[in-house]
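S.K.: pasting a predicted model and its sequence here:
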Amino acid sequence: MDEIMDKNSMNNNHWSTYWQSGVLTSLPMDFKQNYDGELADFWRGIMAQNQGHTRILDLCTGNGAVAILLQELATELEQSVSITAVDASVIHPSMVARQFPEKGPIIERIEFIGQCPVEQMTEQLTGPFDLIVSQYGIEYCDTAGAAQAIQALLLPKGRLVFVSHAPETDIHQYMRHEERIYQLLEDLGVFGLMMNFHQDRISANGFKNKLSQLLPTMHNDPTNRSKDLFMTWLGALTQLSQMNNNQLKEQKPRMGQFTQQYLDARARAADMLAVSDKLTENPQWYLSFAEHGLELIDHGPILYQGKHHAGDQFQFKVGSKSLDQ
């Protein structure tokens, strides 16, 4: 599972496209500005432990949500820090600055490096770092490869702190429901039909004929009619079926964009579900860091708004065996 995720997840185009949109977090419906509540409190507690100038490395940063949060906390705590943030995908912090202009000066103080997989980051980064952090990212990596690279970049008294997805949360259950809808749409031929028309592989009349065959099945599906994703597609396809040929042809560019947007969303959700499966199959996956010279000093769940299991936090320090080497 680790090897598969290393090759196929965070460095894929569906994540690069997502970050290009300027979103700040991987859960924008829940965290529109940045991570807050208990998650922000957790990182405030971690930053409060800093002494002197602290060199920080944020792994799997995406568009820099945690890096930005830590820079803001450093200012709040009157700390001197330098932050480097890396991600395996192509990242777009400048797009975040456009979406959130107030964060522009903060973003300028952070060094961002895209197309930098954690497992190979020693080829691009020069350590050491006092503190290496991550949130909703490190569990996507090949754990052994990540642990080895992290150990190589940490100072003798350095810390590794990360928040990972929990094995099975409400968000994962929601994604599993959505995946069943995606699979239904695929089985009905919806994605292929939309892309074929977009790419001029089928005529307008042929497109409408195909729609007339699949829409009754969707209209008569009582199980999924309460689901937003299903109703979005049903509404869009119904509207397309009612257009004349000239109107349909005018919609070709938007149809391609609409379909690709959802195919990318499905791929990102598949990555997150694969992570959930990985953590379920191997609940002690994090012990790989201990096997590579790091000592676990704390771990436990983080409850958002006092009730939602937002993830699990893990804190490591460089172990005594590593110091002896």
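M.R.: Received the coordinates, thanks.

S.K.: sketch out the helices for the stretch 101-250 of the chain, chain order is fine.
M.R.: In the stretch 101-250 of the chain, the helices defined using DSSP state H, counting those that start in this stretch lie at 104-108, 143-153, 170-188, 190-198, 204-219, 228-241, 245-250.

S.K.: convert the longest one to CSV, retaining C-alpha atoms only.
M.R.: Provided in CSV are the C-alpha atoms of helix 170-188 (Å, rounded to 0.1, in the frame of the first residue of the first chain):
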residue,chain,number,x,y,z
ASP,A,170,-17.4,11.1,9.0
ILE,A,171,-15.6,12.6,6.1
HIS,A,172,-14.4,9.2,4.9
GLN,A,173,-17.9,7.8,5.2
TYR,A,174,-19.2,10.7,3.1
MET,A,175,-16.5,10.1,0.5
ARG,A,176,-17.4,6.4,0.3
HIS,A,177,-21.0,7.4,-0.4
GLU,A,178,-19.8,9.7,-3.1
GLU,A,179,-17.6,7.1,-4.6
ARG,A,180,-20.6,4.8,-5.1
ILE,A,181,-22.3,7.7,-7.0
TYR,A,182,-19.2,8.2,-9.1
GLN,A,183,-19.2,4.5,-9.9
LEU,A,184,-22.8,4.6,-10.8
LEU,A,185,-22.2,7.6,-13.2
GLU,A,186,-19.3,5.7,-14.7
ASP,A,187,-21.4,2.5,-15.2
LEU,A,188,-24.1,4.6,-16.9
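
S.K.: burial count for residue 172?
M.R.: Neighbour count of residue 172, defined by other Cβ atoms under 10 Å: 20. (C-beta placed from N, C-alpha, C; glycine too.)

S.K.: excluding its backbone neighbours, what's nearest it?
M.R.: Closest residue to residue 172 apart from its sequence neighbours, by Cβ to Cβ, 6 or more residues apart in numbering: residue 276 at 4.6 Å.

S.K.: quick one: residues contacting that neighbour.
M.R.: 165, 167-169, 172 (Cβ atoms under 8 Å, 6 or more residues apart in numbering).

S.K.: of all the helices of the stretch 101-250 of the chain, which one is nearest residue 289?
M.R.: When the helices of the stretch 101-250 of the chain are compared by Cβ to Cβ, helix 143-153 sits nearest residue 289, at 4.5 Å.

S.K.: pull out the buried positions in that closest one.
M.R.: By neighbour count on 16 or more other Cβ atoms under 10 Å, the buried set for helix 143-153 is 143-151, 153.

S.K.: tell me the one of those residues nearest residue 16?
M.R.: residue 146 (20.0 Å).

S.K.: tell me how far the nearest residue in space to the closest one that is not next to it in sequence lies from residue 234.
M.R.: Excluding its sequence neighbours, the residue lying closest to residue 146 (Cβ to Cβ, 6+ apart) is residue 118, at 4.6 Å. Computed as Cβ to Cβ, to the nearest Å, the residue 118 to residue 234 distance reads 40 Å.

S.K.: with neighbour numbers in mind, choose between the two.
M.R.: residue 118 (28 against 19).

S.K.: about what we covered before: got a list of what the residue nearest to residue 146 touches?
M.R.: Contacts for residue 118 were tallied using Cβ under 8 Å, 6+ apart; they are 59-60, 86, 88, 138, 141, 145-146, 149-150.

S.K.: mind redoing it with 6 Å?
M.R.: 59, 141, 146, 149 (Cβ atoms under 6 Å, 6 or more residues apart in numbering).

S.K.: what's around the closest residue to the first one other than its chain neighbours, how many residues?
M.R.: Okay, so that is residue 59. Distances taken as Cβ to Cβ, 6+ apart put residue 134 closest to residue 59, at 4.1 Å, once the chain neighbours are dropped. A count of neighbours around residue 134, defined by other Cβ under 10 Å, yields 25.

S.K.: these two touch, right, residue 134 and residue 61?
M.R.: No - using Cβ atoms under 6 Å, residue 134 is not in contact with residue 61, being 8.1 Å away.

S.K.: separation between the residue nearest to residue 146 and residue 84?
M.R.: For residue 118, the distance to residue 84 (Cβ to Cβ) stands at 13 Å.

S.K.: ditto for residue 187
M.R.: 45 Å.

S.K.: the more surrounded of those two?
M.R.: For residue 187 versus residue 84, neighbours defined as other Cβ under 10 Å are more numerous around residue 84 (22 against 10).

S.K.: circling back to that earlier point, for the residue nearest to residue 59, what are its contacts?
M.R.: Residue 134 is in contact with 59-60, 162, counting by Cβ under 6 Å, 6+ apart.

S.K.: could you redo the last one with a cut-off of 8 Å?
M.R.: The contact partners of residue 134, by Cβ under 8 Å, 6+ apart, come to 58-60, 66, 162-163.
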